[in-house]
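# this is a predicted model, with the sequence first.
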Amino acid sequence: MDKLKILIVDDSKLIVEYSKKIILDNNLTDHIDYVSSGLEALKILENQEYDLILLDVVMPEMTGLEVLEILNSRGDIRSYSIIVFTSSDDNEIIKKSFDLGARDFIKKPFRETELISRIKNIINGEKLKKELKEKIWDIENKNKELISLNKKLNDAQTQIIQKEKMAGVGNLAAGIAHEINNPLGFVSSNIEVLSDYYNIFGNIMNMIRSIRAKDNSDKNDIWEELDSYMDRVNIDFIKSDIKELFLDTSEGIDRIIAIINALRTFSSVDTIENYYSYDINDGINKTLIVSTNMHSRVAKINAVLNAKSEVMAMGGLINQVILSLLSNSIESIKACSDKRSGLIDINTEEDNFNIYFSIKDNGGGINKDNIPSVFNPFYTTKEIGEGVGFGLTIAYDVIVNKHDGKIWIDSEEDVFTKVSFVLPKESNKDGHNFK
């Protein structure tokens, strides 16, 4: 570091000259100022900065202790390294000097080696202080860089999670569209048939009106024409078919309504980030309805739902976790090279403290060495481009971080995978008391 700027404050010219000689002879610094009183010291310190002050305690007009007190009151004391000179044996004076901010003291009369040692200690201390400041500055800069990088990482992670969610939403939407199109298709077809039947009955009504308008002599011919027309259109079949058409149409509309209601309660859009009384069995049933097209041709679903209690939860998020786990099971079964008959078991249980959920599939399973990594971001067993590996990471966040629960996986490669999670019936997460 640069050589120290030293200020000597002492009313003894002998001490001042002796101190200057020692400092200069030992090349400690060549920047030395001196004053003979405390008042002069305070005045010069208003305009100049010094690294080290050699301050006499006993001086006329103002003592060294009073100088220390004023520097303290001005808040300047931390800016200086101060060594006090004292000829007193009063330990209280020495103690008060340290209390007021002095770094060291030298007992008068002092030897050359003693002054050199004290000043070198200050120099070393200043070096360490400067190095510490530089390290702190470096750490602060690196910390700012880490904060910036962490923000970028969080932003990237948020985008990836959103992409994963949107991919899931896209698949779900396609499946729901297919499920709605089926009943919508035969409702539309039934309406076309009913429209034809309406025209037939319109023709019959027109013929009946014609009969009423004709003279009795002409009515028989029209009756015969009407009977012939009803035989041709098979009116008895139409009557029975209309009843079936209305039943089929009603079932189709009910099916569409059920899908829409299931989708609405499945996503719980209005309360996605809120806790409310949540029935996990209802959540599972709604999830199975909206995902019918995903699993109906892949696996048989065996759901044994024994949990009866509701819990305070973000139900929409829990439903999304269940859908994600179900989707993983379906993909695992579809990926099996032996094209085995898919089976997915879904179970819920409860005790006095928790609700338990599990989903088990007979798909390809997970290598035991990979199980510890399954909840890590970007972990995926899918082919490149088919998934970014955030499904189980999101599930972990929802169950563990948002609901104080637990989630774990059991699996045997080429045999099964079972994912289980626990939701506590009571929790104080985020200030909510789950009852």
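That came through fine.
# give the contact list for V187.
Shown in contact with V187 (Cβ atoms under 8 Å, 6 or more residues apart in numbering): D248, T249, G252, I253, I256. All C-beta atoms are positioned from the backbone trio N, CA, C, and that covers glycine.
# out of these, what pair is the most spread apart?
D248 and I256 (12.8 Å; Cβ to Cβ).
# picking that back up, out of the contacts of V187, the closest to L153 would be?
Using Cβ to Cβ, the contacts of V187 come closest to L153 at I256, 43.3 Å.
# test my guess that that closest one contacts P183.
Yes: with contact defined as Cβ atoms under 8 Å, I256 and P183 form a contacting pair (5.4 Å).
# name the residue in the two with the higher neighbour count.
Using other Cβ atoms under 10 Å, the more surrounded residue of I256 and P183 is P183, with 20 against 17.
# against K239, how distant is the residue nearest to the more buried one when sequence neighbours are not counted?
In space, P183 comes closest to G252 once its chain neighbours are excluded; the distance is 3.5 Å by Cβ to Cβ, 6 or more residues apart in numbering. For G252, the distance to K239 (Cβ to Cβ, to the nearest Å) stands at 21 Å.
# which one's more surrounded, the two?
G252 (20 against 11).
# what about stretch 33-41, how long is it end to end?
For stretch 33-41, the first-to-last residue distance is 10 Å (Cα to Cα, to the nearest Å).
# mind listing residues that contact that stretch?
By Cβ under 8 Å, 6+ apart, stretch 33-41 touches 5-11, 13, 16, 20, 44, 48, 50, 53, 55, 59-64, 66-67.
# with stretch 45-59 instead?
4-12, 15, 19, 33, 36-38, 41, 63-65, 67-68, 71, 76, 79-88, 93, 97, 102, 119, 122, 126.
# I6 - that's part of a helix, no?
No: the assignment for I6, made by DSSP: H, G, I helix; E, B strand; the rest coil, is strand rather than a helix.
# mind checking how far it is from E69?
22 Å.
# check the residue nearest to E61 when sequence neighbours are not counted and give its pLDDT.
Spatial nearest neighbour of E61, chain neighbours left out: S37 (5.7 Å); criterion: Cβ to Cβ, 6+ apart. As predicted, S37 sits at a pLDDT of 88.
# what of V400?
91.
# before we move on, what about R209?
79.
# now D215
64.
# how about M166?
pLDDT, read off for M166, is 52.
# and if you look at K406?
pLDDT, read off for K406, is 94.
# cool, and the one 5 residues further on?
Looking at S411, its pLDDT is 90.
# strands of the stretch 1-150 of the chain, residue ranges please.
5-9, 31-35, 52-56, 81-86, 104-107 (DSSP state E, counting those that start in this stretch).
# who wins for proximity to K402 among those?
Among these, strand 81-86 sits nearest to K402 (Cβ to Cβ), with 54.0 Å.
# so in this protein, which helix runs the longest?
helix 112-213 (DSSP state H).
# after that helix, next one along is what?
helix 216-233 (DSSP states H and E).
# contact partners of that following helix?
Contacts of helix 216-233 (Cβ under 8 Å, 6+ apart): I200, N203, I204, M207, I208, S210, I211, K214.
# could you redo the last one with a cut-off of 6 Å?
With contacts defined as Cβ atoms under 6 Å, 6 or more residues apart in numbering, helix 216-233 is touched by I200, M207, S210, I211.
# buried residues of it, list them for me.
I222, L226, M230, V233 (16 or more other Cβ atoms under 10 Å).
# from those, pick the one nearest D410.
V233 (64.3 Å).
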